[in-house]
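Undergrad: take this sequence and fold it.
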Amino acid sequence: MTSLDATLFRSLKNLTELNLAFNCLNEIQMSTFVCLKKLRLLLLNRNSIKRIVKSNQDTYMNSLETFDLSNNQLNDLSGLLASQMPKLLFIFVKNNPFCLNRQLLIQNMININRQKLN
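TA: Numbering: from 1, shown residues only. Okay, the predicted model is just below:
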């Protein structure tokens, strides 16, 4: 599988865990997951994801706690907005060729945690 159809998960509204690891996905449209309001765990590790396209929704992954994007081809996380994932506790991004500096990446993770405390 190299891409996800935007309507793929519409009938799975009660899904809490989704494992799409070890595929050949190369781009993720975050709007694909809009209907998954109860999703707590999303595994997208070990794909070939180069780009994350953000959603225009204010919040769309209200229940997401764990998001694994490790072992992909991501250069940045600009398609992810912490405000759209208010319950996010863990995000795994190791083994990606990030172009941004390490300090900026750490600052972005700190900002995600600060939002949770407010």
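Undergrad: any idea which helix or strand of the protein has the worst average confidence?
TA: helix 102-117 (a mean of 54; mean pLDDT, DSSP states H and E).
Undergrad: in terms of contact, does Cys24 touch Arg46 like I think?
TA: No. The pair Cys24 / Arg46 is not scored as a contact, 9.9 Å apart, by C-beta atoms under 8 Å. (Each C-beta comes from the backbone N, C-alpha and C, glycine too.)
Undergrad: nearest residue to the middle of this structure?
TA: Phe67 (5.5 Å; C-alpha atoms, centre = their mean).
Undergrad: and after whichever helix or strand it is part of, which helix or strand comes next?
TA: Assigned by DSSP states H and E, Phe67 belongs to strand 66-68. Using DSSP H and E, the helix or strand that follows strand 66-68 in sequence is strand 90-92.
Undergrad: who are the packing partners of that following strand?
TA: strand 66-68 (3 or more C-beta pairs under 8 Å, 6 or more residues apart in numbering; DSSP states H and E).
Undergrad: the strand it packs on packs against which elements?
TA: Using 3+ C-beta pairs under 8 Å, 6+ apart, strand 66-68 is in contact with strand 41-43, strand 90-92.
Undergrad: among those strands, which comes closest to Asn71?
TA: With C-beta to C-beta as the criterion, Asn71 lies closest to strand 90-92 of the helices and strands packed on strand 66-68, at 9.1 Å.
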